[in-house]
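Student: Give me a 3D structure for the following:
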Amino acid sequence: MYSQNSKNENIGRTELSNDKIKVLNFGSFHMGITTDANSTEFDERNKKNIDSVHQIAKTLADFKPTVIIVERTPYFNEELKENYRAYLKNPDTIFRNQSEIELIAFEVGRLSGTKRVYGIDHKLEYKYYIEKEIINTNDSITYNNFLKNPFKNDPELNVELETLSLLNKLKLMNNQKFLDFLIVANADILTHVGTAGNFEGADEAAKYYKRNLRMYSNLNQITLDEDDRVFILMGASQTAFFRDFMSRSPKYEMINTFKYLK
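Tutor: Numbering: from 1, shown residues only. This next block holds a predicted model:
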């Protein structure tokens, strides 16, 4: 029995040392101005808030990323890199449109000595509230019940984010059940919305999948090798989709977020 267990342990070690690119796939709320339908109250210029964010960035920096990926379109990559260089020269820099990119990603990069930073976002028109434009004859019961009580099946997720500390807020948002919920709330639930013989809700949900798939494609256009360690910072719904994509990927290995989110 001891011999068999030792063999299994060695297999585990081999799998952990595979040649896949290590990724820390981290979800956050948007800490600055956002066009998202839902937002979280946060003063990104408050000194106490900045200090709290930087404490979390310090633990995430233990991942030692060589590449940082953020939710900004590749079109702005040169501006992104210029801002990052400015931050490395002066970490006290306050940017005009400060967000989680500057507060978390730049600080993680500074502490880790990361040289490369890229944006992979892709903008796509998407109607969160398509049901307001049509008479839903598809499955209004399921859809309306979800709107009334979205956490019915997972009551432990039914927490007022504003009552949580920053750390606990981010812990909740990176919880696997919460990430699953975000995919349902942002896309899958819309498959219950539509008119007879049509797919209005499903088509909107498909746009959200399409956006995230295109973001994933943007990531795959960046040159990476097996020695790279990639820190990805995005809104939590994007994190949820990337978690699913990467869980099946022949290229990436996701590292447990809670190894670093302490």
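Student: Give me the phi and psi for G119.
Tutor: When read as degrees, to the nearest 10, the backbone of G119 gives phi -100, psi 140.
Student: correction: V117
Tutor: Dihedral pair for V117: phi -140, psi 140, per degrees, to the nearest 10.
Student: Quick check: bridge partners of it?
Tutor: Going by DSSP bridges, V117 is paired in beta bridges with I68.
Student: quick check: mean pLDDT across stretch 203-222?
Tutor: For stretch 203-222, the mean per-residue pLDDT is 98.
Student: how far does it sit from the chain's center?
Tutor: Chain-centre distance of stretch 203-222: 13 Å, with CA atoms, centre = their mean, to the nearest Å.
Student: how about it: buried residues?
Tutor: Residues of stretch 203-222 classed as buried: 204-206, 208, 211-212, 215-216, 218-219 (neighbour count, 16 or more other CB atoms under 10 Å). For glycine as for every other residue, the C-beta is placed from the backbone atoms N, C-alpha and C.
Student: Can you tell me what sits against that stretch?
Tutor: For stretch 203-222, the surrounding residues in contact (CB atoms under 8 Å, 6 or more residues apart in numbering) are 67, 69, 71, 74, 118, 120-128, 130, 186-191, 193, 232, 234, 238, 241-242, 245, 251.
Student: can you tell me which of those residues are in helices?
Tutor: Among these, DSSP state H puts 186, 238, 241-242, 245 in helices.
Student: hang on, the earlier thing: return the subset of the buried residues of stretch 203-222 lying in helices.
Tutor: Per DSSP H, these map to helices at 204-206, 208, 211-212, 215-216, 218-219.
Student: need the residues you listed in TSV with distance to N174, can you?
Tutor: Listed next are these as TSV, based on distance: CB to CB, whole Å:
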residue	distance to N174
E204	26
A205	23
A206	26
Y208	20
R211	20
N212	17
M215	18
Y216	18
N218	22
L219	19
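Student: Return the closest of the residues you listed with respect to P91.
Tutor: L219 (26.8 Å; CB to CB).
Student: So the spatially closest residue to H122 that is not a sequence neighbour versus N220, what's the distance?
Tutor: For H122, ignoring the flanking residues on the chain, the nearest one in space by CB to CB, 6 or more residues apart in numbering is R214 at 4.1 Å. R214 sits 10 Å away from N220 when distances are taken as CB to CB, to the nearest Å.
Student: Likewise for D19?
Tutor: Relative to N220, and taking CB to CB, D19 is found at 17 Å.
Student: swap in R243?
Tutor: Taken as CB to CB, the span from R243 to N220 is 16 Å.
Student: excluding its backbone neighbours, what's nearest N136?
Tutor: Excluding the flanking residues, the one nearest N136 by CB to CB, 6+ apart is V193, at 5.1 Å.
Student: if I pick that neighbour, what's in contact with it?
Tutor: Taking CB under 8 Å, 6+ apart, one finds 130-131, 134, 136, 138-140, 143, 200-201, 204 in contact with V193.
Student: So which of those residues wins on neighbours?
Tutor: G201 (25 neighbours; other CB atoms under 10 Å).
Student: quick one: it is in a helix?
Tutor: Yes. The assignment for G201 by DSSP: H, G, I helix; E, B strand; the rest coil puts it in a helix.
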